[in-house]
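>>> Next come a sequence and a model predicted from it.
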Amino acid sequence: MADSSACVARVVRVDRGAVLLLPAGADAATAGDPSGSPAPAAGGAPLAGAVARAAPLPPDLDSTSSPSPVRVALDRDGLVPDADGARHVPTVGDYVLTGTRADGGTTLLELLPRRTVLVRDSAGGTARTQALAANVDVVLVAEHLAPEPEPGRIERLLMLAWRSGARPVVVLTKADLVADGARSAAQVAAVAPGVDVHVVSATAGTGLEPLRALLSPGITVVIVGTSGAGKSTLLNALVGRELMATGALRADGKGRHTTTHRELVVLDSGAVLIDTPGLRAVGVVGGEDAVGAAFADITALAERCRFNDCAHDREPGCAVQAALESGELSARRFDSWRRVAREAAWQARRADHRLAAAETALWKQRAASHRRQMRAR
Ligand SMILES: Nc1nc2c(ncn2[C@@H]2O[C@H](COP(=O)(O)OP(=O)(O)OP(=O)(O)O)[C@@H](O)[C@H]2O)c(=O)[nH]1
Ligand SMILES: [Zn+2]
């Protein structure tokens, strides 16, 4: 499918009918070069570093300029085929193979496999999911300390993060507005088992070092959180310059600027940052694994129940009920877990059902074509 001149590029932004791509240079992976796999195993050095290094800067430009992305039109349906011909909606962070037309223009050839992908349910409760970002290593879950953090929202965002395959990290923002950020952090840590929780103030510049340390070459970091969580402000503070428009009032008095699209930015360090618009209703898409990870504390408790099929209701020897009684587990978190676990089970059943329906349709199609062949004879 790919011609010999195929190159790997990364999707920086998706517009209507087109994508912005950062092309990889001579040192980056090319098609047919197995060592240049764009989908490295977790922990491997992703291509982003190569993309960042790919375009040497002209000497008259300072080090803060990045190579400019190339705009490439999508097919009419707005989709990009993968190696098997299945067509996908491209998303920020995707790696694609590009080719060169006779007139020198760039064409999109193929979507490369996604190592990780952040997805959510599309609005309206349809069966569709929307890919928010692909090939990310770290998902920063941002939540403000003032107003008070909402544990339920953090739980949902953590499920989204766990489900992506990337590593979640919680960032509690606006520490300058509260007296005791550490106390809130301890409460939030209780709903984020296995996840680091950081307390930061982007405006005061405190607590940023551990987050800066995440921004190593080749690492892709995406930030998610409700509108006003301080995502853009935090990213700007991490980078030390204005990358993202923030919700602060604009100097010209023309109201507020908020993030309206997802965009990938390559830092001088070679790390890649993706800002996302505020996620309002995080419809959490199934994934019993994600529930298990986000609620690892309850999963561990449930393993200690006397009965394997304990419903954690009134069964004797239920470790979950015991934890509720002792106060080790909050009723709120237990309810939260029940709700998402039910949703996950429902999603799984629905996916099975869809699969079964697709299978039936395929067999009907085959049977029909078989009948046609028989008739033709
Ligand atoms: N006091 C204080 N205010 C902050 C801090 N970080 C952000 N803010 C303010 O919070 C508001 C929202 O910040 P943004 O960075 O635009 O929030 P966002 O999460 O990117 O919002 P969306 O783009 O709508 O998703 C702005 O008025 C910021 O100035 C902080 O550390 N301390
Ligand atoms: Zn039980």
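Sure, I can see it. Ligands and ions are numbered 1, 2, ... in the order given.
>>> what are the ranges of the strands in the stretch 201-350 of the chain?
Here the stretch 201-350 of the chain has its strands, by DSSP state E, counting those that start in this stretch, at 220-225, 263-266, 272-275.
>>> out of those, which comes closest to residue 168?
The closest of the strands of the stretch 201-350 of the chain to residue 168 is strand 220-225. By Cβ to Cβ, the value is 9.5 Å. (Glycine included, C-beta is placed from N, CA and C.)
>>> I'd like to know which elements that closest one is packed against.
Applying 3 or more Cβ pairs under 8 Å, 6 or more residues apart in numbering; DSSP states H and E, one finds that strand 220-225 contacts strand 129-134, strand 138-144, helix 151-164, helix 231-239, strand 272-275.
>>> ok, residue 330 - contacts?
Neighbour list for residue 330: residue 190 [criterion: Cβ atoms under 8 Å, 6 or more residues apart in numbering].
>>> max-length helix in this structure?
Across the chain, the longest stretch assigned as helix under DSSP state H is helix 331-376.
>>> Following the chain onward from the helix or strand bottoming out on mean pLDDT in the chain, which element is next?
Here the helix or strand of the chain ranked lowest by mean pLDDT, DSSP states H and E is helix 48-54, holding a mean of 36. Once the chain leaves helix 48-54, the next helix or strand it forms, by DSSP states H and E, is strand 70-73.
>>> got the buried residues for that next one?
By neighbour count on 16 or more other Cβ atoms under 10 Å, the buried set for strand 70-73 is residue 72.
>>> For the most centrally placed residue in the chain, which three-state class applies?
Centroid-nearest residue in the chain, with Cα atoms, centre = their mean: residue 118, separated by 2.8 Å. Counting by DSSP: H, G, I helix; E, B strand; the rest coil, the backbone at residue 118 sits in strand.
>>> I'd like to know how far residue 95 sits from ligand 1.
The spacing between residue 95 and ligand 1, counted by Cβ to the nearest ligand atom, to the nearest Å, is 26 Å.
>>> Of all the residues in the stretch 101-250 of the chain, which one is nearest ligand 2?
residue 193 (17.9 Å; Cβ to the ion).
>>> Name the single longest strand found in this protein.
strand 7-15 (DSSP state E).
>>> Now do that one, average pLDDT.
Averaging pLDDT along strand 7-15 yields 93.
>>> just checking, what packs against it?
Applying 3+ Cβ pairs under 8 Å, 6+ apart, one finds that strand 7-15 contacts strand 18-23, helix 48-54, strand 95-100, strand 263-266.
>>> For residue 198, which non-adjacent residue is spatially closest?
Once flanking residues are discounted, residue 198 sits nearest to residue 171: 5.1 Å by Cβ to Cβ, 6 or more residues apart in numbering.
>>> for residue 321, same thing?
Nearest one to residue 321, counting by Cβ to Cβ, 6+ apart, is residue 312 at 6.1 Å.
>>> That neighbour: neighbouring residues, count only.
Here the count is done by other Cβ atoms under 10 Å, and residue 312 has 20 residues near it.
>>> Likewise for residue 354?
The tally of other residues near residue 354 (other Cβ under 10 Å) stands at 11.
>>> next one: residue 271
The tally of other residues near residue 271 (other Cβ under 10 Å) stands at 24.
>>> If I look at it, what pLDDT would I see?
pLDDT, the model's per-residue confidence, is 92 for residue 271.
>>> is it true that it touches residue 213?
No. Contact criterion Cβ atoms under 8 Å: residue 271 and residue 213 do not qualify, at 10.5 Å.
>>> Distance-wise, check residue 221 relative to residue 235.
Per Cβ to Cβ, to the nearest Å, residue 221 is found 9 Å from residue 235.
>>> Mutual contacts of the two, please.
residue 273.
>>> wait, isn't residue 336 in contact with residue 153?
No. Counting by Cβ under 8 Å, residue 336 stays clear of residue 153, with 10.4 Å between them.
>>> would you list every one of the helices in the stretch 151-300 of the chain?
In the stretch 151-300 of the chain, the segments counted as helices under DSSP state H, counting those that start in this stretch are 151-164, 181-190, 209-212, 231-239, 288-294, 296-302.
>>> low-confidence ranges in this protein?
Across the chain, the ranges flagged by pLDDT under 70 are 1-4, 24-67, 122-128, 243-261, 280-286, 359, 377.
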